[in-house]
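Asker: take this sequence and fold it.
(chains A and B)
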Amino acid sequence: MKINHHEESGIVIIAPKGKIMGGPESTALHDLLHDLIEQKKTSVIIDLAKVDWMNSTGLGLLISGLTTLRKAGGELKLANVTDKIQSLLTITKLVTVFKSFDSIDEAVKSF
Amino acid sequence: MKKPDIKPDGIIIPSSTDFLAEVDCFIEAKLAEAGVDQSIMTDIAIAVSELVNNAIRHGNQSDPDKQVDIRFNISSSKLVISVIDQGGGFKKEEIANPIDDDNLLREVGRGIFIVENFVDDVEITELDSGGTRVKITKNL
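Answerer: You can find the predicted model right below:
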């Protein structure tokens, strides 16, 4: 899985593509999130527009990112959540944990 | 590294998450071949990925000498997939409820809960020969 990321107004936007199912792609996303924290970049948006689906490993990665960033004084927000991932967030009640936005612009403005 | 063994009605993989994508390809190809609706296909792909992850990590403890056997059977009325590991088994009732407020921020423990939401039946059996079989059924 390819993971692009860039910075906009001091906020890091991570845009994974494909499926987040617990294989090497999940390790790559985990490592990227933790590299950013080490670099003191703690305002992060994950753009899910091009993520086909994720499983509980993907959800666990998002939670790990969220809690670690919050401990470091930052925040992780979601953008462009697809219907399938929204359904997973609803089923697992994680919809109450994550702040999500319909676009990157809205997510950036919310910081 | 050992390779997956692909058969007409299943795939056997070594206990490594490196092979999750190959299992997914196998399952999605089978479902597409059977003309299963895209949304159901995704639900099943997610459910199987949960079961195979569990089998690799918790069942077989990522032991590369152990295998995970995924068996696929589809008819006009239902889809049945079994995931069999060679581990020590688990008790579903020992898994904390992932939607309790106290557990929402836990990074793990949602797999079986998600599977139960996406299929019509989940049957967990400890096999006499050792290992655990999780059989999921989706009515079509």
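
Asker: so for the residue in chain A sticking out farthest from the centre, what's the nearest residue that isn't a sequence neighbour?
Answerer: Distance from the C-alpha centroid of chain A peaks at A:I91, with 18.0 Å (Cα atoms, centre = their mean). Among residues not flanking A:I91 along the chain, B:N117 sits closest, at 5.0 Å (Cβ to Cβ, 6 or more residues apart in numbering or on different chains). C-beta here means a position set from N, CA and C on the backbone, and glycine is covered the same way.

Asker: isn't that neighbour up against A:T90?
Answerer: No - using Cβ atoms under 8 Å, B:N117 is not in contact with A:T90, being 9.9 Å away.

Asker: have a look at these two and say which one is more surrounded.
Answerer: Neighbours were counted for B:N117 and for A:T90 using other Cβ atoms under 10 Å in any protein chain shown; B:N117 has more, 16 against 12.

Asker: please identify the helix or strand for that one.
Answerer: Assigned by DSSP states H and E, B:N117 falls within helix B:111-118.

Asker: packing partners of that helix?
Answerer: Counting contacts by 3 or more Cβ pairs under 8 Å, 6 or more residues apart in numbering or on different chains; DSSP states H and E, helix B:111-118 packs against helix A:56-71, helix A:83-91, helix B:38-54, strand B:121-126, strand B:132-139.

Asker: count the residues that sit near B:N103.
Answerer: Neighbourhood size, B:N103 [other Cβ under 10 Å]: 16.

Asker: quick one, what contacts the residue nearest to A:G23 when sequence neighbours are not counted?
Answerer: Closest residue to A:G23 apart from its sequence neighbours, by Cβ to Cβ, 6+ apart: B:L20 at 4.3 Å. Contact analysis of B:L20 by Cβ atoms under 8 Å, 6 or more residues apart in numbering or on different chains lists A:M21, A:G22, A:G23, B:S49, B:V52, B:N53.

Asker: ok, now which ones touch the residue farthest from the centre of chain A?
Answerer: Residues near A:I91 by Cβ under 8 Å, 6+ apart: B:F113, B:I114, B:N117.

Asker: what distance do you get for it to B:F113?
Answerer: Applying Cβ to Cβ, to the nearest Å, the value for A:I91 to B:F113 is 8 Å.

Asker: please apply the same query to B:I12.
Answerer: Relative to B:F113, and taking Cβ to Cβ, B:I12 is found at 27 Å.

Asker: likewise for B:E28?
Answerer: In this view, B:E28 and B:F113 are 23 Å apart by Cβ to Cβ.

Asker: return the residues of chain B in contact with chain A.
Answerer: Listed as neighbours of chain A in chain B under the rule Cβ under 8 Å from any Cβ of the partner chain: B:17-21, B:24, B:39, B:42, B:45-46, B:49-50, B:53, B:98-99, B:104-111, B:113-114, B:117.

Asker: I'd say A:L78 and A:L62 touch.
Answerer: Yes - if you go by Cβ under 8 Å, A:L78 and A:L62 touch, sitting 7.5 Å apart.

Asker: the bottom helix or strand of chain A by mean pLDDT?
Answerer: Every helix and strand of chain A was ranked by mean pLDDT, DSSP states H and E. The lowest is helix A:24-38, at a mean of 89.

Asker: that helix relative to helix B:38-54, how many degrees between them?
Answerer: Here helix A:24-38 points in a direction 80 degrees away from that of helix B:38-54 (axes from the mean of the first three to the mean of the last three Cα atoms, to 10 degrees).

Asker: list the buried ones in the helix or strand following helix A:24-38?
Answerer: Sequence-wise, the next helix or strand downstream of helix A:24-38 (DSSP H and E) is strand A:43-47. Under the neighbour-count criterion of 16 or more other Cβ atoms under 10 Å in any protein chain shown, strand A:43-47 has A:S43, A:V44, A:I45, A:I46, A:D47 buried.
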